[in-house]
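Enquirer: Pasting a predicted model and its sequence here:
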2 protein chains.
Amino acid sequence: MARTQGITIKDVARRAGVSITAVSHALNGKGTLSAATREHIREVADEMGYAADALARGMRSSTMGAVGLVLRSLDALGDYKPEGVDVFEKFVGAAASQALARGLSLMLVPDLTRAPVPPLTFSMDGYIITNPHRDDPVVALLDKRGIPYVTYGRAPGRPDFPYWASEDDAASARLVLDHLAARGARSIALVRGTDANAWNDEHEEAYAAWCAARNMPARLYELAERAGVGGGVDLARRITADGLPDAVFCLTGRHAAGVQEGLIAQGIAVPDQVMVVAGSDSEHSRGARPTISALELDPVGSSGALLDILQALIAGTEPAAPRITQAHLRERESTRRRPG
Amino acid sequence: MARTQGITIKDVARRAGVSITAVSHALNGKGTLSAATREHIREVADEMGYAADALARGMRSSTMGAVGLVLRSLDALGDYKPEGVDVFEKFVGAAASQALARGLSLMLVPDLTRAPVPPLTFSMDGYIITNPHRDDPVVALLDKRGIPYVTYGRAPGRPDFPYWASEDDAASARLVLDHLAARGARSIALVRGTDANAWNDEHEEAYAAWCAARNMPARLYELAERAGVGGGVDLARRITADGLPDAVFCLTGRHAAGVQEGLIAQGIAVPDQVMVVAGSDSEHSRGARPTISALELDPVGSSGALLDILQALIAGTEPAAPRITQAHLRERESTRRRPG
DNA sequence: CTAGGAAGGTAAAACGTTTTATACAATGCC
DNA sequence: GGCATTGTATAAAACGTTTTACCTTCCTAG
């Protein structure tokens, strides 16, 4: 298809009776044109409905006005299936609207390092990478190409890299733990995922510190992200075998739903005997019975912050980074203990 | 930022000791080069990790390898907030993975006609528009620009436009109605949205025909999409005031959740007195108690079909279109009648 | 009256490709 | 031996911008 039946800068120049340089300068506020000429050109351009071609503009080593989004955690899940991982679904929506508000396009790019790379991949102005792994090849690739990027969640193993934004994971963990402690929990188990990302690591660290400060034994379990609800059900058996804790804090919603289901199947009452909390809200925590208390992240705030940083990076100015947002605890039935 | 510290065709040409034309021809299988030269150039290019710049390639009136996705129904909701509208969340994910499988990038473009249009907007090879309205300005704009597009759901008021794919809405409606009739429903109310899109219109039409064929009175209600759960709760009062039907079929999940909530608040038993079905599955239908039976669409199949059609259109060949996929009914508690 | 700016404008190069037209051998034919 | 044909390769134009460097005028200060 002829991409180019559109109005070009040449058409505008001819119609306005000036050079194409004049048109470019008038429209971009550069050069030294008289106010009158400038105004005249603007009028003609408007009238003709002229809009500079992004490709041609991009070629001239300017920017594209588009950023890519890589959902790293989903890549880890194998198939690119966002279903049920609703943090990311929400994040995509939030990022798209935040990008639009800044006049940017958002391109979804599943895995930069996998075989058939979509053509525009390396022409993006920059990238947002959610939850990068330790030694993430996508990050390495962008570094090598010199393409600016920001990460949602700290890049593990790179304490020097400041261009990230995230909810305050340590604060989130304390929020949950304090909530449980206030409801009488003396022994709290943590179920983390196996991905080596900041999300898992920072929650674990904060949990360990919190337990240590209270002289409470730390009970840590690891469960692969892809094990899903079923993995949680199985894990519940191991947890009870180790001795019933007062509460279980699962970092992912599917694990929480599974663990709770497993506990209940063993005849254990939630929340009366054991309380359950999910570290990220999802349909699993909302749909379970009893409904599961969960941390609600701030995708709008976080994606907005990421785009701010990325825009500064692209513009070559030094951004204020990192930026921290706050998660909120949504209390549901799984931690609503009967009085007495 | 210099977009272009990458390897250019010139570098490859110099290294291989040939002209840039030769490189271009070798890599694109054009021209009349000897097999040996061709092979040699390919090797050098591979070794250097050369990949043609999509922008420069796009300029030469070739294609971009990228398509845009406009979620029309979300635009209609006012804010661009996909939360809770999980058909679209799933559709975005499915479309992204299907696009990748075809070597295409997917760009999210909120509303083409609203003020600050992202730069790349008009450089896309084509567009997918979900649920276009009657006289949709986005469609008009693409027509005017001569940009190919396909629609998820028929474009209302344009029976001649074949480039769409969708679940078979009429069949879906019959699936639900037959299901309800088999469980003893003699009177079924339909709650549709107010958007003038094919989704609403075709379900209504199939409903009317189905009722007429069975000599059953049609009871039609309209409720604005944006009224959400609350609107459903209110509507429940009107429905009962008109005389209790045996079942209510709501085209959106939020309406279904609201209507059910409103019925139960009036002391009406679901499913024993009234059954409830949602036309599209969402967290609202899954999370409600009782859980609500719902149609589960086929985002993977539909987005794949749409991309097939769009690719043909872009390539200039005549696609097989329209293409119809099938929804499935997921039975839940809201239609599980106690025996007897 | 002239040197030196400033003010207002433009021609042309550059960006990295693809494509069209052309050049140069070597071969085959009469 | 001249002439068309074939096989291989390249130069240059084109795509639509932005940017750099330059060119006129016109004014002002000395």
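Expert: Arrived safely.

Enquirer: tell me the residue furthest from the middle of chain A?
Expert: residue A:17 (49.5 Å; CA atoms, centre = their mean).

Enquirer: got the contact list for it?
Expert: The contact partners of residue A:17, by CB atoms under 8 Å, 6 or more residues apart in numbering or on different chains, come to none. In this view, the C-beta of every residue, glycine as well, is placed from N, C-alpha and C.

Enquirer: separation between it and residue A:40?
Expert: Here the criterion is CB to CB, to the nearest Å. By it, residue A:17 lies 9 Å from residue A:40.

Enquirer: cool, residue A:208 as well?
Expert: With the distance defined as CB to CB, residue A:208 ends up 69 Å from residue A:40.

Enquirer: quick one, which of the two is more surrounded?
Expert: residue A:40 (17 against 14; other CB atoms under 10 Å in any protein chain shown).

Enquirer: Tell me the predicted confidence for that one.
Expert: Listed pLDDT for residue A:40 reads 96.

Enquirer: So it, which state does it fall into?
Expert: Here residue A:40 is helix, with the state taken from DSSP: H, G, I helix; E, B strand; the rest coil.

Enquirer: Once you drop chain neighbours, what's closest to it?
Expert: Spatial nearest neighbour of residue A:40, excluding adjacent residues (CB to CB, 6 or more residues apart in numbering or on different chains): residue A:16 at 6.3 Å.

Enquirer: same question, residue A:109
Expert: Residue A:109 sits nearest to residue A:68 (CB to CB, 6+ apart), 4.5 Å away.

Enquirer: Who are the contact partners of the one you found?
Expert: Contacts of residue A:68 by CB under 8 Å, 6+ apart are A:106-109, A:121, A:124, A:126-128.

Enquirer: now do 7 Å
Expert: Shown in contact with residue A:68 (CB atoms under 7 Å, 6 or more residues apart in numbering or on different chains): A:107, A:109, A:124, A:127.

Enquirer: Verify the assumption that the first one is located in a strand.
Expert: Put plainly, it is residue A:107. Yes: applying three-state DSSP, one finds residue A:107 inside a strand.

Enquirer: now the end-to-end length of stretch A:221-237.
Expert: Terminal residues of stretch A:221-237 are spaced 12 Å apart (CA to CA, to the nearest Å).

Enquirer: Now do it: distance to the chain's middle.
Expert: 23 Å (CA atoms, centre = their mean, to the nearest Å).

Enquirer: can you pull the buried residues of that stretch?
Expert: A:221, A:223, A:225, A:227-229, A:231-233, A:235-236 (16 or more other CB atoms under 10 Å in any protein chain shown).

Enquirer: Pipe the residues you listed into a markdown table and attach distance to residue A:134 per row.
Expert: Converted to a markdown table, those look like this (distance: CB to CB, whole Å):
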| residue | distance to residue A:134 |
| --- | --- |
| A:221 | 20 |
| A:223 | 18 |
| A:225 | 15 |
| A:227 | 20 |
| A:228 | 23 |
| A:229 | 26 |
| A:231 | 22 |
| A:232 | 24 |
| A:233 | 29 |
| A:235 | 24 |
| A:236 | 29 |
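
Enquirer: and of the residues you listed, the nearest to residue A:56?
Expert: residue A:225 (43.4 Å; CB to CB).

Enquirer: Nearest spatial neighbour of that closest one, chain-adjacent residues omitted?
Expert: Once flanking residues are discounted, residue A:225 sits nearest to residue A:193: 4.4 Å by CB to CB, 6+ apart.

Enquirer: which residues touch the one you found?
Expert: A:200, A:223-225, A:251-252.

Enquirer: biggest separation within those residues, which pair?
Expert: A:224 and A:251 (12.0 Å).

Enquirer: now the strands for chain A?
Expert: Assigned by DSSP state E, chain A shows strands spanning A:66-71, A:105-108, A:126-130, A:149-152, A:164-167, A:188-192, A:219-222, A:247-250, A:275-278, A:293-296, A:323-325, A:328-330.

Enquirer: Include distance to DNA strand D when you put these into TSV, please.
Expert: Shown next, in TSV, are the strands of chain A (distance: least, CB to the nearest atom of the strand, whole Å):
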stretch	distance to DNA strand D
strand A:66-71	15
strand A:105-108	17
strand A:126-130	18
strand A:149-152	23
strand A:164-167	29
strand A:188-192	48
strand A:219-222	51
strand A:247-250	51
strand A:275-278	49
strand A:293-296	42
strand A:323-325	29
strand A:328-330	43
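
Enquirer: Figure out which of those is closest to residue B:262.
Expert: Closest approach to residue B:262 among the strands of chain A (CB to CB): strand A:328-330, 24.0 Å.

Enquirer: and that closest one, what does it pack onto?
Expert: Other elements packing on strand A:328-330 under the criterion 3 or more CB pairs under 7 Å, 6 or more residues apart in numbering or on different chains; DSSP states H and E are helix A:169-182, strand A:293-296.

Enquirer: That strand: which residues count as buried?
Expert: A:329-330.

Enquirer: Show the average pLDDT along it.
Expert: Mean predicted confidence for strand A:328-330 is 95.

Enquirer: again, but for stretch A:290-306
Expert: pLDDT averaged over stretch A:290-306 gives 94.
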